[in-house]
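have a look at this prediction, sequence included:
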Amino acid sequence: MKPTTTPPKTYRVKSFGCQMNVYDGERMAEMLDAQGIAPAAEGEDADLVVLNTCHIREKAAEKIYSDIGRLTKGKTQTKPPMIAVAGCVAQAEGEEIMKRSPAVSMVVGPQAYHRLPEMLDRAVQGERATDTDMPAIAKFAALPERRRIGPTAFLTVQEGCDKFCTYCVVPYTRGAEISRPYSDLVTEARKLVEAGAKEITLLGQNVSAWSGENGRGHAVGLAGLIRDIAAIDGLARIRYTTSHPADMDDDLIAAHGDTPKLMPFLHLPVQAGSDRVLKAMNRSHSVESYLKLLDRFRAARPDLALSGDFIVGFPGETDAEFEETLQLVGEVAYAQAFSFKYSPRPGTPAATMDGQVAKEVMDERLQRLQAALNRDQLAFNQNTVGRTCEVLVERKGKLPGQWLGKTPWLQSAWFEGDVQIGDLVQVELVEAGPNSLAGMLRETVAA
Ligand code: SAH
Ligand code: SF4
Ligand code: F3S
């Protein structure tokens, strides 16, 4: 037992990892708001800090212990706060966190955070509590209504993963694939739009595996859901992430051609360019089937921007196999991509495979891969220079009068002008950098 404390008046939620964690962080914040606890002002101490963690790579997972240390030693704020650890590290290492870090009062997994208020009551009484249950879908029904929405919003439609790629912790930390019900999603999307969202990104660890039954009792997949959400007045843009090549059906490909609100962007991780490595990773696609799939998407939407994820140094990856990854990158010409050094994760099959690759080899491979990806990203951005396109204004820029928004292809564009956050404006792209473009405002379109 810890001594009893006064109930927290302010909170801060720090989310790491993927967009689904960001969504969960927002939902936890909404729950704390509903308890009458206020978000701590920028630069001020919070009475309660929720660390919403990621377990995907070792570095990400270890970060939480240094964060806890900094909070308790007064480095992050003057007074040590009450600490809750949420997210995927909580799920994977809950007991260990409790043992290793006496300063932590609550450990709550990604499927159990709807119970945070009740755990908080116990923590105030001095009781340390862990909840890493995985009840099917109970969480969403128990959460308060959506609010505090900017122009872009995330909407988790599917959780968990059944793919069991041999390097990945997600099937263990997030559990089996579950689709949220169609009607709940359409209702939540409407609420988000009423609260100001102009763009909704549908989220899932394996989002294209979403399935449900629409209001007329028909079975629908992600494309059906996208089309129905696109019918919501006031919503301008839809995106979705992350997809697995195995679950991309004809209807989803068709939706890219027939649903104008679905943005011309596809994040479709391939991970590696060698069929032998893909097999060892338990990815169910080959390089050829992946490229064929991309061709079909491009046929439906010729200006589609492509994005991907890559792992270098998977156990057993040879120099020649890594070269195949570079070759694939050269063929696809991604608009943007994420790339990582393989990180052995406890409990996953790849962690004990023969042929673990030396760190220096991974460093060198990552450098070469990132140079190629950066080159393609700059080329993609340069190719859009001269085009006038719609930009959704997301925030103020660093300089006075400057604004930052996103193009349909998810590029960041800076420009000056008399606009507001949430406006959809026509911007001519005039200069390309590797990570953003400079633009000129052409006309304001009614938001
Ligand atoms: N569901 C998505 C991505 C989930 S995790 C998919 O199937 O692609 C995001 C990315 O992290 C993965 O695409 C992969 O590139 C990377 N990743 C996952 N586990 C990893 C590990 N053990 N080491 C390095 N990178 C990893
Ligand atoms: Fe992990 Fe593979 Fe599932 Fe993606 S598809 S979350 S990489 S197991
Ligand atoms: Fe990380 Fe969990 Fe997302 S491990 S990437 S926060 S699903």
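Sure thing, it's come through. Ligands and ions are numbered 1, 2, ... in the order given.

what does the chain have sitting close to ligand 2?
C161, K163, F164, C165, C168, V170, P171, Q205, N206, H244 (C-beta under 6 Å from any ligand atom). Where you see a C-beta, it was placed from the backbone N, CA and C, and this is true even at glycine.

what's near enough to touch the second one?
Meaning K163. P171, N206, H244, A246, N282, S284 (C-beta atoms under 8 Å, 6 or more residues apart in numbering).

could you dump these into JSON lines with secondary structure and distance to C389 added?
As requested, the contacts of K163 are exported to JSON lines (DSSP: H, G, I helix; E, B strand; the rest coil; distance: C-beta to C-beta, whole Å):
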{"residue": "P171", "secondary structure": "helix", "distance to C389": "38"}
{"residue": "N206", "secondary structure": "coil", "distance to C389": "30"}
{"residue": "H244", "secondary structure": "coil", "distance to C389": "29"}
{"residue": "A246", "secondary structure": "helix", "distance to C389": "32"}
{"residue": "N282", "secondary structure": "coil", "distance to C389": "39"}
{"residue": "S284", "secondary structure": "coil", "distance to C389": "35"}
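
and those, which are buried?
P171, N206, H244 (16 or more other C-beta atoms under 10 Å).

doesn't A254 make contact with L222?
No. Using C-beta atoms under 8 Å, L222 makes no contact with A254, being 11.7 Å away.

picking that back up, present the residues of the chain next to ligand 2 as TSV; the columns should include pLDDT.
Converted to TSV, the residues of the chain next to ligand 2 look like this (pLDDT from 0 to 100):
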residue	pLDDT
C161	96
K163	97
F164	97
C165	98
C168	98
V170	96
P171	96
Q205	95
N206	95
H244	96
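
what's T53 in contact with, if anything?
T53 touches 16-17, 21, 60-61, 63-64, 85-90, counting by C-beta under 8 Å, 6+ apart.

who wins on neighbours among those?
With neighbours defined as other C-beta atoms under 10 Å, the most crowded of these is G87; it has 31 neighbours.

so how far is F16 from that residue?
7 Å (C-beta to C-beta, to the nearest Å).

any common contacting residues for those two?
L51, N52, T53, C54.

tell me the bridge partners for the first one.
Beta-bridge pairing of L51 under DSSP bridges involves K14, V85.

pull the contacting residues for it.
K14, F16, I64, D67, I68, I83, A84, V85, A86, G87.

can you list the residues you listed in a markdown table and add distance to Q377 and pLDDT?
Output for the contacts of L51, formatted as a markdown table (distance: C-beta to C-beta, whole Å; pLDDT from 0 to 100):
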| residue | distance to Q377 | pLDDT |
| --- | --- | --- |
| K14 | 28 | 96 |
| F16 | 24 | 95 |
| I64 | 31 | 91 |
| D67 | 30 | 93 |
| I68 | 36 | 94 |
| I83 | 38 | 96 |
| A84 | 37 | 97 |
| V85 | 35 | 97 |
| A86 | 33 | 97 |
| G87 | 29 | 96 |
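
and the residues you listed, which is closest to ligand 2?
G87 (14.7 Å; C-beta to the nearest ligand atom).

these two touch, right, the closest one and S15?
Yes. Under the criterion of C-beta under 8 Å, G87 makes contact with S15 at 7.5 Å.

what do the two both touch?
Residues touching both G87 and S15 (C-beta under 8 Å, 6+ apart): N21, D24, N52.

can you sort out which of those also neighbour ligand 3?
Among the shared contacts of G87 and S15, ligand 3 is touched by N21 when using C-beta under 6 Å from any ligand atom.

report the buried residues of the worst-scoring helix or strand of the chain on mean pLDDT.
Using mean pLDDT, DSSP states H and E, the weakest-scoring helix or strand in the chain turns out to be helix 138-141, at a mean of 80. Buried residues in helix 138-141, counted by 16+ other C-beta under 10 Å: K139, F140.
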